[in-house]
Each structure stands twice: as structure tokens, then as C-alpha cells.
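**Student:** what's the 3D shape of this:
(2 chains)
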Amino acid sequence: MQRTFPFEIFRYGMILLALFIAMIPVAWMISMAFKPIPEWSALGDDLTWWPRQPTLDNFRFIFGQSTNDLIVELEKTAGRPILASLLASVIGTLIAMVAGTSAAYGLSRFNSGKNLPLALIQLRLFPPLAVMIPVMIMWTFLNLIDTWWGLALIYGIVTLPFSFWLMKTYFDEMPREIEEAALVEGCTRFRVFTRITLPMMAGPLASSALLVFILNWSDYLIALMLTTREWQTIPVYMASLSSSMTGQLYGAKAALGLIAAVPPVILGIAIQRHLVRGLTFGALKQ
Amino acid sequence: MASIAFKNVTKRFGDTTAVDNVSFEIADNEFFCFFGPPLSGKSTLLRLLLGLEVPDSGEIYIDGKAVTTLQASQRNIAMVFQNLALFPHMTALDNIRFPLVERKMSETHIRQKVEDVSAKLHIEHILHKLPAHLSGGERQRVAIARALVRDPVAYLMDDPISALDARLREETRVELKRIQRDAGKTLVYVTHDQEEAMSIADRMAILENGKIRQIGTPIDIYDRPVSKYVAGMLGSPAINFFQLDDTQASGIRLAGEGLIQLDAREVPANAVQVGLRPENLAIRPDGGAGDVATARISSVEPLGGFTVVTVAPQQSKSQTVYRALLRGQHQMEVGTEVTLGYQPDQLISFDQNGLAIG
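**Tutor:** Next up, the predicted model:
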């Protein structure tokens, strides 16, 4: 296609517009995270995009170093919720990935458990709340309420369908001849899996794990129902950030939001090169 | 060195019988070719031999020993897959080393072997590349090198050069033939290209619907096909079939077309069709005698060394055309009336079941 100059301008213009619209809330959050109280609260007279007096007060505040007498001291700082979110999301992701990948490989290669895909998707057919109430009762009996491992377990379960479906698609796309070639060349089934299948699946595994991690990381509903005090996650803790004097602590929320965005972004950058590369590119005839 | 034998092997996938009660033997050091249309069971035969599929019934022997239930990794057969199946996350070098590394050969031995095989296939300069960065022909060579690098009892190749362009294909098949002869190993080759099959195979098997229809040397099968199906599979352009109908005392006329009148003595009494190879169908520009029918030229394809002439019988209401392969170059006009001729001993007669007579 002929790329004329006006066309290029139009093309980039559209991309920038989409980017701009998508970034407005993010930009507002970042801006607010660095604003002092008068600028984000009702005390201020107007709202500006750029902080007039940039400050790290909001960050200090959520970690328990309040410098402003307008707000009472927090009864709980952000350290524990961050730890809770990390533990529950990472372990939950591991559970979902290991179980989902194994199931997907078994189904894709040996055609065992033909009804599993539909059975797994059923969990997603119900409203989340309808599923979570019985879980909450069950977790109470199992003493799993307000524990990070109880949360990790349920995260692993609810995101299992995602890891399973994603990995199954990738396994199905991988030509069976590549594994068969390894079998013929002297590998056992297990060697084939570790030497050929897993390395080839590094990209898909990484991108699926990222998606599952983000699902777990951003969960609010499950954590709200299954945690009370000890192991509140970041979203639950964030919702609780308010004071009797100023109402919602938007600055503190924004600061916490900014911190919460760090792990997914780091993971995304780490696996970026896997996200774009095709799965079997070059293995087969053209 | 290894001979290979299948005894009454059957393999079904659901309702489909991919390999139907097949028996054959391949001699040691033989270049053996399976040839047939898609889904005729060629690839399944290879997979059975490799141990990637287990037959529903029958036995498979390598060197006289039954291997029917032996795992693929224990059969010591090397394979070039149809889609090559290179390991995309390994360089060409690691792909070729793979079979030796998996067999825990010593590093010096591996290095020596890889050097030998890369020299033989002229791929030393691309060994550091990933398959993604290789051309189709280079991938081809890497896949063949991976099969040749070790010392298997037999090589199997499933249509490995079909993706190459025509010239590279001709070169590669000559090379394959040479490599096989040098290695002194049995090579079982699957192809859907009749020219390829005929040019490289010592012996070949013609397949149809999971059954072997004929086994023999290419020339033997070409000259003495057992059936219409086999006759039609080999030769380009394809063999001409003439329908016979009314039998007369003086000879047999061809159906509806009054094309060629045959002497009754040339054709067995139960023949309903005769086949004539394009190179045996003569075309003469001048009008002939009454017993040689006329036809009209419908197309001329000058190929340089050969000319393919397609003729349509004049009286025919059918769309049947016949093709003649003439040596050399011929100036012929489309639409010209010509007479057709043949040599009696070149006719192949078929009965009503399509089986060859005599």
C-alpha cells in the first residue's frame, strides 16, 4: 500500500487519540498520588492536572509516617496488604499454571478427559458472587478465612480455566511431529516434555502466567469476602482508606494504586520479547 | 543394515481403515518408495514402522525381529517428517546434534559426525542459525542431516522435498539417491509425485485406500500395471484409456467414437478397455486408411524436447480427449484433423473390473 504523508499523520493521529483516551485515568491517578491534601480533597478550590506543590506525603502516609495533622493516623499501613497481594497472587498463579498446563497438555496430546474444557468453563458461567458464597462458608469450616494461603488456593482455582484454555490452544497449535521427531530420535516421553515442549512453550507460558497474575492481582470481590483484617489485599485495603475528617483519602488511594501497578508492569516488560514471537516459527516448511 | 517386513498389518482410526491388511517386504539396502494419492495410507505406514502408531492387527518385523510393540525410541529408525519438524528453539547445529546427545555419545564422536554430515549436505555455513532464519531448502537439508547424523537401521522420509521448487527437488532427489547408496542403508520414501517415485526408487508400492495395489520396480509397474488404477497412477501425461464396445468379426471398434479399429487378435475377448501410453499414441498429419480414425487437435504444448498434443475424437459426443507425447518439436495447428495410430504390442487390455489381462 502506498503510504502518503497525510495518511501517516492520520494513522499516528488515531493511535495517539486511542492512547490518550486510555491514559486519562492513569494520568489522573499519577498526578493525584503526588498532590498534597488541599489539591485532591474537597478543601481545594479547583482541580489541576499538574500538582502545584508535588509531594511524597501520600506515600509516606500509607506507610505510616503521617506528617499532616489533618488526618488521623492509620490503624494499618500498606506493607501487609502488599505482602498479602503478592503472596496470594503469585502462589495462586503458580497453582493455576501448573494444574492448567498439565491438564491442557494431557488433553491436547492424549485426548484424555474430553469433557474437561466444558466442565472448567462452567465455573465462569455463574455470577462470581453465587460461586463465592458457598466458598466462603467452606473456607470458614476449613479455617482458611483471612489467610494468604486460603486466598492463594481460591485464586488458583478460579483462574485455572484461563490457564487451561490458553495453554490448550498453544499445545494444539504445536505440531505433533516436533515431539514425535524427538521420540524417534531417542527421547522418552518425559524427556520430550522437558527438552522440547517446555522450552518451546516458554513464551506462551509466560504470557498466560502474566494474564493469570493480573487477574489475581486485581481481584477485589474474592479478597473482600475471604479476608477480614490480617490478610487484606491491596484492593480491599485501598477501599478502606478513608477518614472521618476528609472522607475518601484519594491521594493515599492514588499512591497505593501507583505502587500496585508496579509488579504487572515489571512482569510485562520482563516477558515482552516472548509476547510477540510466534510459537513454531521456523520449525516447519514454509 | 535392515530388512523390513509387514505381515497382514491393519490400522484403523475410528471408522476409517488407514492401512488395510497390508503385507510387504523391503530388502536390505533398498530404496523403497510408497506412492499414492493423499489419504491412501502412505504416512500411516511410515508411522507404524516408526512406532508412533500401534497396528490393530498384524506384525511388523525389522531384520526378522518382531518390533510391533516396541517404542519409537527403541527402534533406531531415523525419520524426516513431511513438515520437517525441526526444533524451533534450537540452532541448526543443536538440531543435528540432538539424536547423538540423546544417545549420550561422546563429544568428540558427536563433533566428528556433525562435521561429516554437514559437509555432505553443504550446510556448514548455516549451523549457527535458528530454523526461523533458514530458507526452505536449508531447513530441508538440516532435517535430512538430523536423520543422517546417526547410524540407524533404516531411514524414513515422508515427502520431504515437496516444498522445494522443481529444480531444487530434482537436485535433492539425485543427492538423496547418492547418499542412500553411499550409506548402504534401507531408505523408505513416501511421495505423491510419480516422477519422483519413478526416478529414485529401486522398487515401489502403489497404494489405494490403505491397500497395496502393486509392488515392483518402477519400470515393471509402468509397463505391466495390474489394474487401470495403477496404470493411471504412473506416467505423465497420464495413460489414455479407450472404451471398447461392439465386437465384430473383423475387429473391435472403440466406443461411440469410431476412433481406432483394432484387430480382434490383438485384444483378449474379455477386454472392455484398452490403455495406450501417450508416447505410444502416434499422430500423423496426413489422412490415413479407413481403419485408422481421425481426430482433431485441441491443444499443443511444446516442451522443447517433447511436444504434448491433445486430440479430441471427431464423432465423439463425450468430452473425452487423448494425449500424445511426441519426441522433438512439431508444428501443429489447433483444429487440424489428424489420424491416430499405435503399435499392437503397446496396448494394455483391461477387463470389466479394471484389472489388466495377460
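
**Student:** In three-state terms, label residue 53 for me.
**Tutor:** Let's take chain A. coil (DSSP: H, G, I helix; E, B strand; the rest coil).

**Student:** sorry, should have said chain B
**Tutor:** Taking three-state DSSP, the label given to residue B:53 is coil.

**Student:** burial of it, as a residue count?
**Tutor:** 18 (other CB atoms under 10 Å in any protein chain shown). (Glycine included, C-beta is placed from N, CA and C.)

**Student:** What sits closest to it if chain neighbours are left out?
**Tutor:** Once flanking residues are discounted, residue B:53 sits nearest to residue B:47: 4.5 Å by CB to CB, 6 or more residues apart in numbering or on different chains.

**Student:** is it fair to say that neighbour lies in a helix?
**Tutor:** Yes - checked against three-state DSSP, residue B:47 lies within a helix.

**Student:** Got the phi and psi for the closest residue to chain A within the stretch 151-300 of chain B?
**Tutor:** For the stretch 151-300 of chain B, the residue closest to chain A is residue B:163, as judged by CB to the nearest CB, at 4.0 Å. Backbone torsions of residue B:163, given as degrees, to the nearest 10, read phi -80, psi -10.

**Student:** Centre-most residue in chain A?
**Tutor:** Centroid-nearest residue in chain A: residue A:214, 0.8 Å away (criterion: CA atoms, centre = their mean).

**Student:** what sits against it?
**Tutor:** Contacts for residue A:214 (CB atoms under 8 Å, 6 or more residues apart in numbering or on different chains) come out as residue A:264.

**Student:** Show me how far the strand or helix carrying it is from its chain's centre.
**Tutor:** Here residue A:214, judged by DSSP states H and E, is contained in helix A:202-217. Taking the mean of its C-alpha atoms, helix A:202-217 sits 8 Å from the chain's own mean (CA atoms, centre = their mean, to the nearest Å).

**Student:** Who are the packing partners of whichever helix or strand comes after that helix?
**Tutor:** Once the chain leaves helix A:202-217, the next helix or strand it forms, by DSSP H and E, is helix A:221-226. Under the contact criterion of 3 or more CB pairs under 8 Å, 6 or more residues apart in numbering or on different chains; DSSP states H and E, helix A:221-226 touches helix A:128-141, helix A:148-173, helix A:234-239.

**Student:** Contact residues of the stretch 51-200 of chain A facing chain B?
**Tutor:** Residues of the stretch 51-200 of chain A lying near chain B by CB under 8 Å from any CB of the partner chain: A:175, A:177-178, A:180-188, A:191, A:196, A:199-200.

**Student:** Buried only: go through those residues for me.
**Tutor:** For these, a burial check counting by 16 or more other CB atoms under 10 Å in any protein chain shown picks out A:175, A:177-178, A:180-187, A:196, A:200.

**Student:** now the helices for chain B?
**Tutor:** Secondary structure of chain B (DSSP state H): helices at B:42-50, B:92-102, B:107-121, B:136-148, B:166-183, B:194-200, B:218-223, B:228-233.

**Student:** rank these by pLDDT, which is bottom?
**Tutor:** With a mean of 86, helix B:166-183 has the lowest mean pLDDT of the helices of chain B.

**Student:** Need the contact partners of that helix.
**Tutor:** Helix B:166-183 is touched from outside by B:31, B:120, B:137, B:140, B:144, B:148, B:155, B:157, B:161-162, B:164, B:187, B:189, B:196, B:199-200, with contacts defined as CB under 8 Å, 6+ apart.

**Student:** Redo the helices and strands packed on helix A:221-226 as JSON lines? Include mean pLDDT.
**Tutor:** Below are these laid out as JSON lines (pLDDT from 0 to 100):
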{"stretch": "helix A:128-141", "mean pLDDT": "89"}
{"stretch": "helix A:148-173", "mean pLDDT": "91"}
{"stretch": "helix A:234-239", "mean pLDDT": "90"}
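
**Student:** got those as TSV, with mean neighbour count columns?
**Tutor:** What follows is those, written out as TSV (neighbours: other CB atoms under 10 Å in any protein chain shown):
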stretch	mean neighbour count
helix A:128-141	13
helix A:148-173	21
helix A:234-239	21
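
**Student:** Of all the residues in chain B, which one is nearest chain A?
**Tutor:** Closest residue of chain B to chain A, CB to the nearest CB: residue B:132 (2.8 Å).

**Student:** I'd assumed residue B:88 was in contact with that residue.
**Tutor:** Yes - under the contact definition of CB atoms under 8 Å, residue B:132 touches residue B:88, with a separation of 6.5 Å.

**Student:** Please tell me how far residue B:174 sits from residue B:141.
**Tutor:** Per CB to CB, to the nearest Å, residue B:174 is found 14 Å from residue B:141.

**Student:** Between those two, point out the one with more neighbours.
**Tutor:** Set residue B:174 next to residue B:141 and count neighbours by other CB under 10 Å: residue B:141 wins out with 23 against 12.

**Student:** Of the contacts of helix B:166-183, select the buried ones using a ChimeraX command.
**Tutor:** In ChimeraX, this line selects whichever of the contacts of helix B:166-183 come out buried by 16+ other CB under 10 Å:
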select /B:31,120,137,140,144,148,155,157,161,162,164,187,189,196,200
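
**Student:** Could you tell me which residues make contact with residue A:80?
**Tutor:** So residue A:80 contacts A:230-232 (CB under 8 Å, 6+ apart).

**Student:** Out of those, flag the one nearest to residue A:166.
**Tutor:** Ranked by distance to residue A:166 (CB to CB), the contacts of residue A:80 are led by residue A:231 at 28.1 Å.

**Student:** hmm, back to that, need the pLDDT of the residue of the stretch 151-300 of chain B closest to chain A.
**Tutor:** 71.

**Student:** my guess is it contacts residue B:135, does it?
**Tutor:** No - the pair residue B:163 / residue B:135 is not scored as a contact, 10.5 Å apart, by CB under 8 Å.

**Student:** So which of those two has more stuff around it?
**Tutor:** Neighbour count, other CB under 10 Å: between residue B:163 and residue B:135, residue B:163 has more, with 18 against 12.

**Student:** Tell me which stretches of the stretch 151-300 of chain B form strands.
**Tutor:** Ranges of strands within the stretch 151-300 of chain B are B:154-158, B:186-191, B:203-208, B:211-216, B:240-247, B:252-254, B:273-276, B:282-284, B:294-302, based on DSSP state E, counting those that start in this stretch.
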